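Engineer: Generate a structure from the sequence data that follows.
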Amino acid sequence: MARESFDKEIQFLRMLALTSGAYSRQQFADRLGISVHTFDKTMRRLKEIAGTAWQQPKEEQSLPLAELLRSSYYESADPVLLFLFRSKSVKESESIRLSQIIIALQRESLTAAEVLQQCCDGMPEDMAMPDEKTIRSDLKYLEGTGVIRKESGSRPHRYTADNRFITELSDAELSDLYAFIDVMANTQIPSVQGYLLRDSLKKTLKQRSIPESSFLYKYHYHSRILDESHLYTILKAIRERKKLSFLYFTPKAPQSYGSKNTNPLFERESEGRQHTTLPLRVAYDHQYGRWYMLCHSSRQGIAIYRMEGLTQLQESTAVEETEFEQKLQALQQKIRFSWLVDTGRTVTVKARFYHPEGSASNFIRERVRLQGQWGTVTEESDQTFIYEISVNGTMEIKPWLRSFGSSCEVLEPRSLRQEFIEEWKELAAGYEPVRENL
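Structural biologist: Okay, here's the model as predicted:
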């Protein structure tokens, strides 16, 4: 799948998941910055991919894709949007070629020349035949990913499928491994590779007729799994100290995607801006299910981008290790007091928490100690305690404080206290009766 096509389909599915099909075709196309014709073509393609990725009942096959996404939210432990990753990995010719190699090496060990012969015999007539250089590159790729292994011995080297990870496990060990991966993939991040590994193990369980343990999860942030498509590219750039070039769309931008138009008659101005930055760190916001990339930009210094707005991501030049370390240390110093990624002015936040009435355990204090990061807890009385923390700005800590409802009273800073007063007044006004005798 072409890189641009994958970027478009990521943004397409994100909007479908978030709007549940509430937009019209024209509104959807305008938001993505594409034509209605491209919208229809992309919708058809995604429906085809979804149909091959998971088996749908006959009555659901004719439903719009948005309906399938909405109805599948809590009916399965599988995040529905994962089907896009299964379709993205390789081109059609590569998919057929790699499948041929793996099937051949499952039966017996072969040399590169023998693998080439097997591939040429098994390739469809309408596809170009691979050469020896391509096959050797494929063998190196499969060996690096652990799918095959090189047997010891003299040249020419022989390759065989590496199934030891599965074949050497007993039924009980395989079942325990599947249960562990299932739990971790659904509760930890990143999770895409965990889901793909779980699917492979599920096939092995079926082959051995081993019943699979099943856990059901409510997947709260269905669209955030799409951001993981960029995660490993960014982590690789950080390891290799390489800059990244990308087209970025802010959350407030009218568009969330910009297509590359080769025909000047249909060229339209994109809402996104081109950036080249040095990635230093990634962060994940559990509160809202958002990934962030923290970078150094030559134009604005420390820069923070929400990963959902990144498109056309490409590696650029590398920097020296000393330069990278200097910029990383500067970032760490800047976010030392960040609740998440805020780089604003440091302020002291003080709040009074009230113990839950009639509860055997003080779950309020337990939660504050668990989630309150480097803040300090000081007992004030039998009914209250004081929580104090120095953070960069109040924007990121505010939702956390708000989530305690009436169990939390903000004391400082005064500006934050006033914001809470106004918010609670607005909420109270919304619950006022329409008639006095209601």
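
Engineer: so what pLDDT did Met43 get?
Structural biologist: On the pLDDT scale, Met43 is placed at 80.

Engineer: what does Arg107 give?
Structural biologist: So, for Arg107, pLDDT stands at 78.

Engineer: just use 428 as the starting number from now, easier for me
Structural biologist: New numbering, starting at 428: the last item is Arg534.

Engineer: That one: neighbour count?
Structural biologist: Neighbourhood size, Arg534 [other C-beta atoms under 10 Å]: 10. Glycine gets a C-beta too; all of them are placed from N, C-alpha and C.

Engineer: likewise Leu721?
Structural biologist: For Leu721, the neighbour count with other C-beta under 10 Å is 23.

Engineer: what about it, which SS state?
Structural biologist: Using DSSP: H, G, I helix; E, B strand; the rest coil, the secondary structure recorded for Leu721 is strand.

Engineer: residues in contact with it?
Structural biologist: Counting by C-beta atoms under 8 Å, 6 or more residues apart in numbering, Leu721 touches 706-710, 729-731, 758, 762, 768.

Engineer: Of the residues you listed, grab the buried ones for ChimeraX.
Structural biologist: Here is the ChimeraX selection string for the buried members of the contacts of Leu721, based on 16 or more other C-beta atoms under 10 Å:
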select :706,707,708,709,729,730,731,758,762,768
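
Engineer: first vs last residue of stretch 544-558, how far apart are they?
Structural biologist: Stretch 544-558 has an end-to-end distance of 10 Å (criterion: C-alpha to C-alpha, to the nearest Å).

Engineer: Okay, buried residues for it please.
Structural biologist: Neighbour counts over stretch 544-558 (16+ other C-beta under 10 Å) mark 545-546, 550, 557 as buried.

Engineer: now do stretch 564-577
Structural biologist: Neighbour counts over stretch 564-577 (16+ other C-beta under 10 Å) mark 565-566, 569, 574-576 as buried.

Engineer: Could you list the residues in contact with that stretch?
Structural biologist: Around stretch 564-577, the neighbours that count as contacts under C-beta under 8 Å, 6+ apart are 521, 524-525, 528-529, 532, 539, 542, 557, 584-589, 592.

Engineer: Phe780: what secondary structure?
Structural biologist: Applying three-state DSSP: Phe780 is strand.

Engineer: how many neighbours does it have?
Structural biologist: Neighbour number of Phe780 under other C-beta under 10 Å is 23.

Engineer: was I right about it contacting Ser834?
Structural biologist: Yes. The pair Phe780 / Ser834 is scored as a contact, 5.9 Å apart, by C-beta atoms under 8 Å.

Engineer: what touches both of the two?
Structural biologist: Joint contacts of Phe780 and Ser834 (C-beta under 8 Å, 6+ apart) are Ile791.

Engineer: Just give me the closest of the buried residues of stretch 564-577 to Leu601.
Structural biologist: Nearest to Leu601, judged by C-beta to C-beta, of those is Val574 at 18.2 Å.

Engineer: how about that closest one, phi and psi?
Structural biologist: With angles defined as degrees, to the nearest 10, Val574 sits at phi -80, psi -40.

Engineer: so where's the stretch 728-865 of the chain shaky on pLDDT?
Structural biologist: The model of the stretch 728-865 of the chain has pLDDT under 70 over residues 860-865.

Engineer: Phi and psi next, for Glu836.
Structural biologist: Torsion angles, degrees, to the nearest 10, at Glu836: phi -120, psi 110.

Engineer: Quickly note the distance from the nearest residue to it once chain neighbours are set aside to Arg796.
Structural biologist: Residue nearest to Glu836 in three dimensions, not counting chain neighbours: Arg779, with 4.5 Å by C-beta to C-beta, 6 or more residues apart in numbering. The gap separating Arg779 from Arg796 is 16 Å, by C-beta to C-beta, to the nearest Å.

Engineer: Neighbour count for these two, which is higher?
Structural biologist: Arg779 (16 against 13).

Engineer: Please verify my assumption that the residue nearest to Glu836 contacts Gln810.
Structural biologist: No. The pair Arg779 / Gln810 is not scored as a contact, 10.0 Å apart, by C-beta under 8 Å.
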